[in-house]
Each structure stands twice: as C-alpha cells, then as structure tokens.
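Asks: Here is a sequence with its predicted model. Questions after.
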Amino acid sequence: MDAGSDSISPERSRRCAPASRPPLQEAGSRPYMPSLCSASRNPAVKCYGDRFIPVRSAMDMDMAHYLLTEPRKDTKNAATPSPAKEAYRKLLAEKLFNNRTRILAFRNKPPEPENILTELRADAASIQARPAKKRRYIPQSAERTLDAPDLVDDYYLNLLDWGSSNVLSIALGNTIYLWDAANGSTSELVTLDEDDGPVTSVSWAPDGRHIAVGLNSSTVQLWDSSSNRLLRTLQGVHESRVGSLAWNGNILTSGGMDGKIVNNDVRIRNHAVQTYRGHEQEVCGLKWSGSGQHLASGGNDNLLHIWDVSMASSVQSAGRTQWLHRLEDHLAAVKALAWCPFQSNLLASGGGGSDRCIKFWNTHTGACLNSVDTGSQVCALLWNKNDRELLSSHGFTQNQLTLWKYPSMDKMAELTGHTSRVLFMAQSPDGCTVASAAGDETLRFWNVFGTPDAPKAAVKTSHTGMFNSYNHIR
C-alpha cells in the first residue's frame, strides 16, 4: 500500500457498495429491465423483443447448423476445389440462403403481406385470360380485276399512280386512262401521237387534279384531268425517255435514261431550276421523303443515291452535284423505293433480278440496317400507312405480292394471281387498297392493308401558282 493513503476497512467497503449506480440510468430510479413482451403505448409501434437477446422462434436452426459447420469442413478438405465447383457452391448458397450469413436472430421476421399469393394468382389469371390481339384477315385473292391491254412490260418504267382525289391513272401504250375508285367509272385522258409515245411515266400532283406524263420522246407534259386539257410541255431537259417522276410541292422532279435528275418548277417559264448528277445509266426510281428535304434515286447502274434538297446545283453549273449518300450495295437495278411513314430517316429499296434483296437504310448515316433476300426480282415497294408493314411485288418465279411485318420481316401473306411479273403498285389515298399492274396485262386491286382505326375527314387545302383553283374531289 502506498504511503499516505487512507486505510479502508472491508466492512466500510461493503457498506458503500450499494451506493454505486449503473450508468445511463435516471437518477433516483431503480435499474431498468426491459420486458420481452411489454406492449408499447403507441399502438402503431410493434415490439418484437430485445435486440440483444436472440429470439429462438425467429431462427432457422438448420441454416445456423450449416453456417457453423461448413467452415470446418472446408478446412478439413485440404484439396482446393476447382473454380467451377467453387462458383457452383457460391451460386447454390446464394439461391438457397439469399446471401444470409447471420446465425442468430434478434427479432421476429416481419409478417408476410396478407393474400400476396392470392393477388399473384389473380394477376397471372388475368394475364392468361386477356384476349390476344385479333390477327387481321388478309384476303388471298384480288378484290377486283381489270383488263390492261397494251401495258408495256418494261421494268424501268412507272406507268401506274393513284391520286389524292381517289382517281387511278394507268398508261397503256400511247393512251392514259383514268379510273375513278368512287364509282368505278373509266375515262380516257389522252392518246398521244406515235412520235411522242409510248408513255413512260405518270405521276399525280399533290392536288389530285393535275397529272404529269413522261414520254419516250424525252418531254414531260402537264395535264388538267378535270378538263382533259394540256397545260404545258416541259422540253429541253432530257435527251431520251423520261421513265420516272416525283412531285415535291410545286417542284416536279424527272429522271431520264440519260442519267440526269432535274427539278422543274412548274410555276415559272424557265422550269428547269436544279439538277442532280450521279447516275451513269437510266434513272428508274425517284421518291421524295415526306418532309421534302431528301430525294432517293435508283438507277440501272445498281446505284442508290440520297440527295439533300439544298445540295442541288443549277442547270447552268458545270460542276457535279455532291450527293448526300452514294450506296452501292445492290447488285442489280434499283427501281423499288419507299420512304417509311413512321420513321422519317428510314428508306426501303429493292433490287432487280440479280439482287433480289430488300434493303433498309438509315438516310442520316447511310448505314444499311437490314437486308432480306426475297428470292425474286423486287419491282415495287409500299409501306402500310396505318401499321408497321411493308408490301413488295415480285417477278419470276411466283409473280406474287408479299406482305412483311417490320422490323422482323416475317412473311404475313403472299398474294398470288398475276401470271407475269408485277411491275407496278399504287396505294389508295386512305392507305387500305393496293392496285397492282403486271406484264399479264391485268390490273388487280387488293384489300391488303385492312381498314384504318379512325377514318380521317378530307381537309381542303389551298394551293398557289398554277394549282390555285380546283375542286379537291373529282
């Protein structure tokens, strides 16, 4: 004992011992002893027991035994398990024990939600009972068949078009006929002289009243279908036949056998305002995008060009126009072109007999998104305006129309009836009916795209220039 320290007797020490208090207790109260089953004053709070005392009823004894004994087994086995066995063991433990590593449980598990299995079964039953989407019925035979004598059997021409006023035009030799879909009546627009004919292309203006006619003599004529009157003749643009035409507002774009593509403003005297140069052989396919900003052109040189409206050069310019994209993937002439109605930068193109493919292009990047070998010459392409479907017409061997589901490109239907290659297709203004013309000199109508969900009322629009006065419905 150190010097100077006081001596404390054992008896005094025993008397002072009760004076000590456990820490963190309220002064003057007796020691706190929590109850394992005491109820809280707040009915919303449930007590599941003291966190420091394991609750036996909440423990899984089998799992606890496994977690206690498994490490010993691992130490006894000197051999190192293979990586595959170790990975399997970890995966098995994860699935069986849900990554649980605790042996003791200090509170009961929260109660399971009532009727959870009943709700899951009800959800599953409702999903199974939900009726599947009814598959649209697609008639396998033509709704109507008309004779088309003297139809020129030439892959590179475009002799069929369906206008916005529901009148279909078809060129048969030197004569252009109009078929009114509203009443089924047929009328003759014009019969051309032998020096000008035969007709090599027809295309309705957006107003549905005026029609452009490309001729074998390299000229283009503009006609008023309501009065059967020739409005003007566009000359000096091409050096040979004009096999393709496409409208973009008041601009009529023409493509010829000379490989030139020319924009003609039909409102002004000097109509040839711009030209696109890139094809070395006949231009057989022309299509403007829905926005009117891009033009797709296909030629007999197996080339597909994408042009920007702002990149065309003046006709007087000696320089060559720079295309936006020059696509060389097709192995035959590219005539079939169709811009997607629900994705503005998606273009479908079809190749001739040595190619037989339908290709899909991102026109922003020039990338080929997909290519499908159809097994036969692709003559024409049309998108469904009301659904994600594409219709193609073909030549030898089946001369069929094929309906594809996009983007899977699963065949939905094959429509047969033509006995020669189906050269031309045109779509009705409502997008439901398709007219096809083939080398067998027949014109067939197919109800292939069904009925739109909600028919839209026709809206009268105003036009300027030479189309400023007309009746929208013929």
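Replies: Yep, it's here. Numbers count the residues shown, from 1 in each chain.

Asks: Pretty sure residue 91 sits in a helix.
Replies: Yes. Counting by DSSP: H, G, I helix; E, B strand; the rest coil, residue 91 is located in a helix.

Asks: Can you get me a residue count around it?
Replies: Residue neighbour count, defined by other CB atoms under 10 Å, stands at 10 for residue 91. Where C-beta positions appear, they are placed from N, C-alpha and C, glycine not excepted.

Asks: what's the spacing between it and residue 85?
Replies: 11 Å (CB to CB, to the nearest Å).

Asks: again with residue 303
Replies: Here the criterion is CB to CB. By it, residue 303 lies 60 Å from residue 85.

Asks: Out of these two, name the residue with the larger neighbour count.
Replies: More neighbours surround residue 303 than the other of residue 303 and residue 85, with 22 against 10 (other CB under 10 Å).

Asks: For that one, give me its contacts.
Replies: 278-280, 326-328, 330, 334 (CB atoms under 8 Å, 6 or more residues apart in numbering).

Asks: Out of the residues you listed, who's the most crowded?
Replies: residue 334 leads these on contacts (other CB under 10 Å) with 30 neighbours.

Asks: Just give the nearest non-adjacent residue to it, would you?
Replies: residue 298 (3.0 Å; CB to CB, 6 or more residues apart in numbering).

Asks: isn't the one you found right up against residue 335?
Replies: Yes. Assessed by CB atoms under 8 Å, residue 298 is found in contact with residue 335 at 5.7 Å.

Asks: where do the contact lists of those two overlap?
Replies: Common contact partners of residue 298 and residue 335 (CB under 8 Å, 6+ apart): 284-285.

Asks: quick one, strands of the stretch 101-250 of the chain?
Replies: Using DSSP state E, counting those that start in this stretch, the strands of the stretch 101-250 of the chain run over residues 144-147, 160-162, 167-172, 175-180, 186-191, 199-204, 210-215, 220-224, 229-234, 242-248.

Asks: number of nearby residues for residue 247?
Replies: 19.

Asks: That one against residue 208, yeah?
Replies: No. Residue 247 lies out of contact with residue 208 (CB under 8 Å); the separation is 11.0 Å.

Asks: SS state for the closest residue to residue 385 other than its chain neighbours?
Replies: Among residues not flanking residue 385 along the chain, residue 431 sits closest, at 3.3 Å (CB to CB, 6+ apart). Three-state assignment for residue 431 (three-state DSSP): coil.

Asks: ok, now residue 355?
Replies: coil.

Asks: Next, the contact list for it, please.
Replies: Applying CB under 8 Å, 6+ apart, the residues contacting residue 355 are 302, 330-332, 378.

Asks: Could you do residue 328 as well?
Replies: 302-304.

Asks: Provide a list of residue ranges in the protein with pLDDT below threshold.
Replies: Across the chain, the ranges flagged by pLDDT under 70 are 1-52, 70-81, 92, 94-101, 106-133, 312-321, 452-474.

Asks: That one: helices as residue ranges?
Replies: Under the criterion DSSP state H, helices of the chain are mapped to 10-16, 61-76, 83-97, 116-129.

Asks: Residue 103 against residue 64, yeah?
Replies: Yes. Using CB under 8 Å, residue 103 is in contact with residue 64, at 4.5 Å.

Asks: Among the contacts of residue 328, which one lies nearest to residue 342?
Replies: Distance to residue 342 across the contacts of residue 328 (CB to CB) is lowest for residue 304, with 21.1 Å.

Asks: Burial check on the closest one, number of neighbours?
Replies: With other CB under 10 Å as criterion, residue 304 counts 26.

Asks: show me the contacts for it.
Replies: Residue 304 neighbours (CB under 8 Å, 6+ apart): 296-298, 326-330, 334, 337, 349, 361.

Asks: Which ones among the residues you listed map onto strands?
Replies: 296-298, 326-327, 334, 337, 349, 361 (DSSP state E).

Asks: what's the burial count for residue 241?
Replies: 22.

Asks: do the one 3 residues further on as well
Replies: Other residues near residue 244 number 28, with proximity taken as other CB under 10 Å.

Asks: what does residue 179 give?
Replies: 19.

Asks: Can you give me the distance of it to residue 209?
Replies: Applying CB to CB to residue 179 and residue 209 gives a distance of 16 Å.

Asks: re the thing from before, correct me if wrong: the residue nearest to residue 385 contacts residue 382.
Replies: No. In this structure, residue 431 is not within contact of residue 382 by CB under 8 Å, at 9.2 Å.

Asks: Which of these two has more residues huddled nearby?
Replies: residue 382 (23 against 18).

Asks: List the contacts of the closest residue in space to that one that isn't next to it in sequence.
Replies: Closest residue to residue 382 apart from its sequence neighbours, by CB to CB, 6+ apart: residue 391 at 4.6 Å. By CB under 8 Å, 6+ apart, the contact list for residue 391 reads 381-384, 401-404, 425, 434, 448-449.

Asks: Residue 249 too?
Replies: Per CB under 8 Å, 6+ apart, neighbours of residue 249: 206, 292.

Asks: tell me the phi and psi of it?
Replies: phi 70, psi -120 (degrees, to the nearest 10).

Asks: any idea how far residue 240 is from residue 299?
Replies: Distance of residue 240 to residue 299, given as CB to CB: 13 Å.

Asks: which one of those two has more residues nearby?
Replies: residue 299 (27 against 15).

Asks: Who is that one paired with across the strands?
Replies: Beta-bridge partners for residue 299, by DSSP bridges, are residue 283.

Asks: is it true that it touches residue 286?
Replies: No. With contact defined as CB under 8 Å, residue 299 does not reach residue 286; the gap is 10.0 Å.

Asks: Can you report how many residues lie near residue 67?
Replies: Using other CB under 10 Å, residue 67 is surrounded by 16 other residues.

Asks: okay but it is in contact with residue 61, surely?
Replies: No. Under the criterion of CB under 8 Å, residue 67 makes no contact with residue 61, lying 10.8 Å away.
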